[in-house]
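Asker: how would this look folded up:
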Amino acid sequence: MDLWFSLLLILHLAAFAVGITTTISAPLVGARLATAPAEARPVLGSLMLRLGKNARLAFLALVLTGLALVYQRYGGFEGQSPWFWVKMALVAFVGASIILNLLLKPGTLSPRIMGWATRLSMAGIVISAVLAFN
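Answerer: Below is the predicted model of the structure:
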């Protein structure tokens, strides 16, 4: 493995760590926000905004480093396994949910349902990545 690929992989995994941490913590903070006393809501609200920004930046970093890794190692998308395409479909779902959350009025999409859908998608991304690249 050359140095450039190793650096890209480290960045990719670090971005995934930020993304998965946010996917797990944001619904927990959101649930507390709903029942928090008035004086705690501004703090929890600002934390939710930061978590959302972290998730979007992590997703962007994952997409960019992922593309670079695929081109670095395989020269493109040709010949990828079906598991790779399962992973890409799940990544597209996560990306679409991020975009919808940005475009729609807050609360339009059920945070509970979207939280679980995103967590299950992340688990599917990990499983399909292992099956695609191992």
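Asker: The most centrally placed residue in the chain: what's it in contact with?
Answerer: Centroid-nearest residue in the chain: Gly19, 4.4 Å away (criterion: Cα atoms, centre = their mean). Gly19 is in contact with 55, 58-59, 62, 122, counting by Cβ atoms under 8 Å, 6 or more residues apart in numbering. Backbone N, C-alpha and C define where each C-beta goes, glycine included.
Asker: Let's see that with 7 Å instead.
Answerer: 55, 58-59, 62 (Cβ atoms under 7 Å, 6 or more residues apart in numbering).
Asker: Leu9 now?
Answerer: Leu69.
Asker: can you give me the mean pLDDT across the helix or strand harbouring it?
Answerer: Using DSSP states H and E, Leu9 falls within helix 3-35. Averaged across helix 3-35, pLDDT comes to 91.
Asker: measure Ala58 to Leu11 for me?
Answerer: Distance, Ala58 to Leu11, using Cβ to Cβ, to the nearest Å: 11 Å.
Asker: Between those two, which has more neighbouring residues?
Answerer: Per other Cβ atoms under 10 Å, whichever of Ala58 and Leu11 has more neighbours is Ala58, with 20 against 16.
Asker: Against which helices or strands is the helix or strand where that one lies packed?
Answerer: According to DSSP H and E, Ala58 maps onto helix 41-74. The contact analysis (3 or more Cβ pairs under 7 Å, 6 or more residues apart in numbering; DSSP states H and E) places helix 41-74 against helix 3-35, helix 82-103.
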